[in-house]
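S.K.: Provided below are the primary sequence and the corresponding predicted coordinates.
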Amino acid sequence: MKQKRHLYLVSDATGETVRSIARACAVQFEDIDVVEHLWPMVRSRRALETALEDLGQEPGIVFYSLLNHELAEQLEQFCSGRGVPCISVMEPFINLMARHFGQAPKRLVGKQHVLDAEYFQRIEAMNFVMAHDDGQKQASLDEADVILVGVSRTSKTPTCIYLANRGVKAANVPMVSGIPLPEKLFKPGRALVIGLTEDPARLVEVRKNRMRIQNSAQTTSDYTDLDKVREEVAEAKRLFARQGWPVIDVTRRSIEETAAAVLQLLSQRHRQHGEAAPGGAPA
C-alpha cells in the first residue's frame, strides 16, 4: 500500500513552473502517493495566510516560487517554526544567473506570461493546428512548419497541439485505406513531413480502448484486427521509406517526448538551411 504524503505548491503566478518541477521529482518515488495542494497567484499577505491555513492542517513539503522577499520570508518562517521542509524552486537559479550576469534581477512577477510576440505566435500556431487537424484544409498545408503523417491513433493530434504551444504550425494527415494522401505532401515545400509509427500490438490496444470509450457496439473489425493493423503499419513504413521522410516510433514515447523529437528534426533541417527554427527549437 502506498504511503500518502502532502506536497504544497505555492506560487505568485500560475504555478506551472513549481508544479512541473514538483511532478518531475515526485515520479521518482513510486511507493509514495503524493497529494498536491496548489496555491497559485499568491501575491499578498492575505493570500499567503490562506495557503498557510491549509498547510497547518496537513503538513507536508513546500515548493514555492515567490519573488516577493517579504512573502517568501513569511513562508520560510512559518515552515521553520513547524519543522516543515520548504524550498524555493527559482531562487538558486536566479542567484546563479545574477552572479554570472553581474546584474540584479528585476523580480517582476509573471514576467514569463506577458503578451509579447512569442505569445501571439503560439496563439496563431494553435489556430493553425485546429484548422489543419486530421487532414483538413489541405490547400494550405504548405504553410505548415511540420506535417505529421501516420495511421489512426499514432498521437498525431495531441502532438500537434503540444507543438502549437511551442509556436510551431503543425498539421496532421491520417493514412486511411482507400483514401489518397494530399498531393502537397509529395511536393517540395517549407513544411517538414514526418512519419509516425507504432508497434501494431500496442496500436490495437489503443484502438480497442478508444472504441470502449466511445461505447462502440462493434467489437471486431479491420480497425482492431492485429494482422490487418500489421499490414497497415507496414504500408505506412514503406511509404515513409520511399519518400525519405524521417520516422518517429511513438510506441514508448509520451506526447512530450514525441514533440521533442519533432523539434529536434525541425531544428536540424533549419540548421542545414541556415534558418531560425520555430518554436524555440535549439538551432
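M.R.: Structure's in. What do you need?

S.K.: Show me the helices in the stretch 101-250 of the chain, by range?
M.R.: Using DSSP state H, counting those that start in this stretch, the helices of the stretch 101-250 of the chain run over residues 117-131, 156-164, 200-213, 226-243.

S.K.: Tabulate these (CSV), appending mean pLDDT.
M.R.: Listed next are the helices of the stretch 101-250 of the chain as CSV, based on pLDDT from 0 to 100:
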stretch, mean pLDDT
helix 117-131, 90
helix 156-164, 97
helix 200-213, 93
helix 226-243, 97
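
S.K.: Of all these, which one is nearest P92?
M.R.: When the helices of the stretch 101-250 of the chain are compared for distance to P92 using Cβ to Cβ, the nearest one is helix 117-131, at 25.7 Å. Glycine gets a C-beta too; all of them are placed from N, C-alpha and C.

S.K.: buried set for that closest one?
M.R.: 121-122, 125-126, 128-129 (16 or more other Cβ atoms under 10 Å).

S.K.: what about R46, how many residues close to it?
M.R.: R46 has 8 neighbours, counted by other Cβ atoms under 10 Å.

S.K.: Ignore what I typed, I meant A24.
M.R.: Based on other Cβ under 10 Å, the number of other residues close to A24 is 9.

S.K.: Output the host helix or strand of it as PDB, restricted to C-alpha atoms.
M.R.: According to DSSP states H and E, A24 maps onto helix 16-26. Coordinates of each C-alpha in helix 16-26 appear next as PDB, following Å, rounded to 0.1, in the frame of the first residue of the first chain:
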ATOM      1  CA  GLU A  16       3.000  25.900 -13.800                       C
ATOM      2  CA  THR A  17       6.800  26.100 -13.100                       C
ATOM      3  CA  VAL A  18       6.600  24.900  -9.500                       C
ATOM      4  CA  ARG A  19       4.100  22.100 -10.400                       C
ATOM      5  CA  SER A  20       6.300  20.900 -13.300                       C
ATOM      6  CA  ILE A  21       9.400  20.700 -11.100                       C
ATOM      7  CA  ALA A  22       7.500  19.000  -8.300                       C
ATOM      8  CA  ARG A  23       6.000  16.400 -10.500                       C
ATOM      9  CA  ALA A  24       9.300  15.600 -12.200                       C
ATOM     10  CA  CYS A  25      10.700  14.900  -8.800                       C
ATOM     11  CA  ALA A  26       7.700  13.100  -7.400                       C
END
